[in-house]
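Asker: pasting the sequence and the predicted model now:
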Protein chains: 4
Amino acid sequence: MKDLIFDKNRVINFSDAVFSIAMTLLVLEVGIPSVKAISTYDTWELLQYRIPNFIGFIVSFLVTALYWVSHLRSMKFVTKVDSKLLWLNIFLLLFIVLMPFSTGLYVGGFDYVGPFVFYCFNLTGIGIFNFLLISYIIKKEKGHPELTPHAIKWYTYTALNALIIWILAGVLAFILPLVAKMIFILIFIIQFIINRNYRIKENK
Amino acid sequence: MKDLIFDKNRVINFSDAVFSIAMTLLVLEVGIPSVKAISTYDTWELLQYRIPNFIGFIVSFLVTALYWVSHLRSMKFVTKVDSKLLWLNIFLLLFIVLMPFSTGLYVGGFDYVGPFVFYCFNLTGIGIFNFLLISYIIKKEKGHPELTPHAIKWYTYTALNALIIWILAGVLAFILPLVAKMIFILIFIIQFIINRNYRIKENK
Amino acid sequence: MKDLIFDKNRVINFSDAVFSIAMTLLVLEVGIPSVKAISTYDTWELLQYRIPNFIGFIVSFLVTALYWVSHLRSMKFVTKVDSKLLWLNIFLLLFIVLMPFSTGLYVGGFDYVGPFVFYCFNLTGIGIFNFLLISYIIKKEKGHPELTPHAIKWYTYTALNALIIWILAGVLAFILPLVAKMIFILIFIIQFIINRNYRIKENK
Amino acid sequence: MKDLIFDKNRVINFSDAVFSIAMTLLVLEVGIPSVKAISTYDTWELLQYRIPNFIGFIVSFLVTALYWVSHLRSMKFVTKVDSKLLWLNIFLLLFIVLMPFSTGLYVGGFDYVGPFVFYCFNLTGIGIFNFLLISYIIKKEKGHPELTPHAIKWYTYTALNALIIWILAGVLAFILPLVAKMIFILIFIIQFIINRNYRIKENK
């Protein structure tokens, strides 16, 4: 049954559902203050105390959204969903589903190294399966008019960019924790360069 | 990759999923009484004590439903989903996802100013991205037969109406908390006027 | 904007999502025993203690499934979703979303009258909007080849059957609590009669 | 109304939603350590203590995914969804929804027999309805070009394989708990033989 073809629409709908649920569950990690806490402390104080939670919620929501957008971008080339693509996708979703846990651990231990390393590990897991998924799609669907050599490079570099930076962040956390937490900004700078390069070459 | 076009169906399905999950999670904020509480107190007492929770649940459910209906209304004009539309939509969903938290905070501190201000802030966030989304769609899809000058005005005024009233409610809460909490009724009155005006002009 | 027509597919997808999430959240009301409880008590004891929770979970899951099937049955006649249909549907979903709360209250106070009355109230709410939705669809879509006079009767009686029995159960609970809790079996007996009657008349 | 035909698309979408929500809720059973625990213990210790939770999460996620893939495989043959198929599907989903509970019980009582037996019971429930669903589809859709005698055997044996092994695991748990917990590996070995046999016969 190795050549079995699956219903692409269902695979996509299922993935969209998993992404959306994982992203919505993130809000549970912010943690609503108890009635007692609300009547004792100033709301402003309570919210200030939750700043790491809000940062964690927003960063994880947007990062997961980025991978959903990447999923949108790569799945549109797919003509047939075979077993390998199906299972690469399921493992990608496994790590997406883990995000609410990693985010909760990270915001609960904002000042510690361990929780951040686990957070990086989760994002590395997503990054690896995102990269494998994209590579497999590129390999299988070559010949697609939109998959020009420049476009293939763009897809590959974009997937590698996020993956490598999160691995780096996880390793750096042991030596330079503060730098490690800010290094993800590099993703956007490198992406800017990748995009510019792509446009220059495409327009030659 | 700026001119990338995304699969409209997936964007819509994903949005519907996020709306529906956020609306369903609202019920968790009502808070089921413990087995011990049920055996100690009268059910009627327990429910009475939860009146703010029920109000919060119903108001948030219906308000979120209203924005979903607005999403239904505006997305049907969209012919192509580009990056800007995609991200405006993702930020709209970010604030939708925050609703269970804001509702929980609001009902937990029903007699305080702070939680209500935060609730207004959340609705203002939804309102802003709802307005930006609609404005962008109107700009991009002008020429659509249903987007007559009167219809455009109706869409713009409707989006602005809710947005402005919730900002007003948030500001007023510091001075006249009780008035601030009731002012949202104005949304329906103003909407009634906007609708009547639209019909008069359309039928001229 | 009263004659606005909405995207039927999105309304259906959204409803399916709400139904499925509410039905899945029901499992949270069973309540997983703590690690300490598992190491202290026999698993069999722990599960026995949770019998009301399992009954509540299964009954609520199947009852909600029944209304979803009813939704499947009635929405297929719909050709255009207008504002009234949209909002009847949203209010139906509001009561569907409340089910995990009512179920949790009911199983937490299995031996008390109050929680069961609230449970009946919730099912009555669902029943009312289910009935209104079906009546509205019948009125709007008359002329549909499958909506024969006999079929219309079948739809109306089926919707009324569940509605009336749950109202009855809620009222009876104050006088004969045990009978009230078993009376829902009548729904299946009456439905059997409705179905037989329908088939006899249809085959004449 | 016995010959009523339901909208296949909605049934599939609804099932996908239930599968995806149940799989995402599994992550809640891992249990995020409290802020206090994070500041007292080493992250590595906290994660080590949660190894059963991670195993439970990953196994349940992948096992549920396997049944979703099976659902993908069998539903594609379905041309008409009748009442019986609809309700077989709903009961399958009932047991899918129970998975987060069983997983939570299992990981909370990793060293005990009872929780594992309940876990096997849940998987047996899924297995039974999965088998009934597939048998019913094979019976109803015979004549479908892809449903060759060899393919029918493959579908039947594959469904029986997982079902029987989980029943066996549940029974064995009382006598040889350690063997019972590892016996699920047999599923993959037997599946390998089923697949090889199928390919040999198909290529004759």
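Answerer: That came in fine, so what should we check first? Just so we're clear, the structure is a prediction, and the values are computed from it rather than from any experiment.
Asker: where's the residue of chain A found nearest chain D, which helix or strand?
Answerer: Nearest residue of chain A to chain D (CB to the nearest CB) works out as residue A:114 at 2.4 Å. Heads up, the C-betas are built off the backbone N, CA and C, glycines and all. According to DSSP states H and E, residue A:114 maps onto helix A:113-140.
Asker: picking that back up, show me what contacts the residue of chain A closest to chain D?
Answerer: D:42-44, D:46 (CB atoms under 8 Å, 6 or more residues apart in numbering or on different chains).
Asker: ok, how many other residues are close to residue A:50?
Answerer: 19 (other CB atoms under 10 Å in any protein chain shown).
Asker: that one and residue A:134, how far apart?
Answerer: 36 Å (CB to CB, to the nearest Å).
Asker: same question for residue A:31.
Answerer: 35 Å.
Asker: these two - which one has more neighbours?
Answerer: Between residue A:31 and residue A:134, residue A:134 has the larger neighbour count (other CB under 10 Å), namely 23 against 17.
Asker: contact partners for the more buried one?
Answerer: Contacts of residue A:134 were listed using CB under 8 Å, 6+ apart, and they are A:70, A:74, A:155-156, A:159.
Asker: rewinding a little: now, which of the contacts of residue A:114 lie within helices?
Answerer: D:43-44, D:46 (DSSP state H).
Asker: among the residues you listed, which one sits closest to chain A?
Answerer: Of the ones in helices among the contacts of residue A:114, the one sitting nearest to chain A (CB to the nearest CB) turns out to be residue D:43, at 2.4 Å.
Asker: find the nearest non-adjacent residue to the closest residue to chain B within chain A, please.
Answerer: Taking CB to the nearest CB, chain B has its nearest neighbour within chain A at residue A:43, 2.3 Å off. Of all residues beyond its chain neighbours, the one nearest residue A:43 is residue B:114 (2.3 Å), with distances taken as CB to CB, 6 or more residues apart in numbering or on different chains.
Asker: mind checking how far the one you found is from chain C?
Answerer: Separation of residue B:114 from chain C (CB to the nearest CB, to the nearest Å): 26 Å.
Asker: what about residue A:51, neighbour count?
Answerer: 11.
Asker: do the same with the one 3 residues further on
Answerer: Using other CB under 10 Å as the criterion, residue A:54 is surrounded by 15 other residues.
Asker: with the one 5 residues further on instead?
Answerer: Neighbourhood size, residue A:59 [other CB under 10 Å]: 16.
Asker: wait, does the helix or strand harbouring it contact chain D?
Answerer: Using DSSP H and E, the element containing residue A:59 is helix A:51-75. No - counting by CB under 8 Å from any CB of the partner chain, chain D is not contacted by helix A:51-75; separation bottoms out at 9.9 Å.
Asker: buried residues in the very next helix or strand once past that helix?
Answerer: Next in sequence after helix A:51-75, counting helices and strands by DSSP H and E, comes helix A:83-108. Within helix A:83-108, the residues that count as buried by 16 or more other CB atoms under 10 Å in any protein chain shown are A:85-86, A:88-108.
Asker: got it, and stretch A:127-140?
Answerer: Those would be A:127-138, A:140, for stretch A:127-140 by 16+ other CB under 10 Å.
Asker: mind showing which ranges of chain A have poor pLDDT?
Answerer: A:1-3, A:204 (pLDDT under 70).
Asker: what parts of chain A come near chain C?
Answerer: Residues of chain A lying near chain C (CB under 8 Å from any CB): residue A:17.
Asker: if we can go back for a sec, in a markdown table: the buried residues of stretch A:127-140, plus distance to residue D:60.
Answerer: Listed next are these as a markdown table, based on distance: CB to CB, whole Å:
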| residue | distance to residue D:60 |
| --- | --- |
| A:127 | 24 |
| A:128 | 22 |
| A:129 | 19 |
| A:130 | 23 |
| A:131 | 26 |
| A:132 | 23 |
| A:133 | 23 |
| A:134 | 28 |
| A:135 | 29 |
| A:136 | 26 |
| A:137 | 28 |
| A:138 | 32 |
| A:140 | 30 |
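Asker: list, one by one, the residues from chain A near chain D.
Answerer: A:1, A:4, A:6-7, A:10-11, A:13-14, A:17-18, A:21-22, A:25, A:29, A:86, A:90, A:93-94, A:97-98, A:100-101, A:104-105, A:108-109, A:112-115, A:117-118.
Asker: what about residue A:23, distance to chain C?
Answerer: Counting by CB to the nearest CB - residue A:23 and chain C are separated by 14 Å.
Asker: name the element that residue belongs to?
Answerer: helix A:8-25.
Asker: contact partners for residue A:191?
Answerer: Per CB under 8 Å, 6+ apart, neighbours of residue A:191: A:158, A:161.
Asker: show me what from chain A comes close to chain B.
Answerer: So chain A meets chain B at A:12-13, A:16-17, A:19-21, A:23-24, A:26-28, A:30, A:32-35, A:38-39, A:42-44, A:46-47, A:57-58, A:61-62, A:65, A:68-69, A:72-73, A:76, A:154, A:195, A:198 (CB under 8 Å from any CB).
Asker: pretty sure residue A:190 sits against residue A:160.
Answerer: No - using CB atoms under 8 Å, residue A:190 makes no contact with residue A:160, being 9.6 Å away.
Asker: are any of the contacts of residue A:134 buried, and if so which?
Answerer: Using 16+ other CB under 10 Å, the buried ones in those are A:70, A:74, A:155, A:159.
Asker: can I get those residues in TSV with distance to residue A:182?
Answerer: Listed next are those as TSV, based on distance: CB to CB, whole Å:
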residue	distance to residue A:182
A:70	23
A:74	29
A:155	27
A:159	22
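Asker: for those, which one is nearest residue B:175?
Answerer: Residue B:175 has its nearest neighbour among those in residue A:70, at 47.2 Å by CB to CB.
Asker: show me which residues of the helix holding residue A:59 are buried.
Answerer: For helix A:51-75, by 16+ other CB under 10 Å, it's A:52-53, A:56-57, A:59-61, A:63-75.
Asker: now for it, which elements pack on it?
Answerer: helix A:8-25, helix A:83-108, helix A:113-140, helix A:149-172, helix B:8-25, helix B:83-97 (3 or more CB pairs under 8 Å, 6 or more residues apart in numbering or on different chains; DSSP states H and E).
Asker: mind checking which of those is nearest residue D:81?
Answerer: helix A:8-25 (14.7 Å).
Asker: what is that closest one packed up against?
Answerer: helix A:51-75, helix A:83-108, helix B:8-25, helix B:83-97, helix D:8-25, helix D:51-75.
Asker: put the alpha carbons of whichever helix or strand comes after that helix into CSV.
Answerer: Sequence order places helix A:35-40 as the next helix or strand after helix A:8-25, per DSSP H and E. The C-alpha atoms that make up helix A:35-40 are tabulated as CSV, following Å, rounded to 0.1, in the frame of the first residue of the first chain:
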residue,chain,number,x,y,z
VAL,A,35,-11.0,36.4,42.0
LYS,A,36,-9.1,36.9,45.3
ALA,A,37,-6.0,38.2,43.5
ILE,A,38,-8.1,40.7,41.5
SER,A,39,-9.7,42.1,44.7
THR,A,40,-6.4,42.3,46.5
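Asker: now do the contacts for the nearest residue to residue A:190 once chain neighbours are set aside.
Answerer: Leaving aside its chain neighbours, residue A:190 sits nearest to residue A:161 (5.1 Å; criterion: CB to CB, 6+ apart). The contact partners of residue A:161, taken as CB under 8 Å, 6+ apart, are A:187, A:190-191, A:194.
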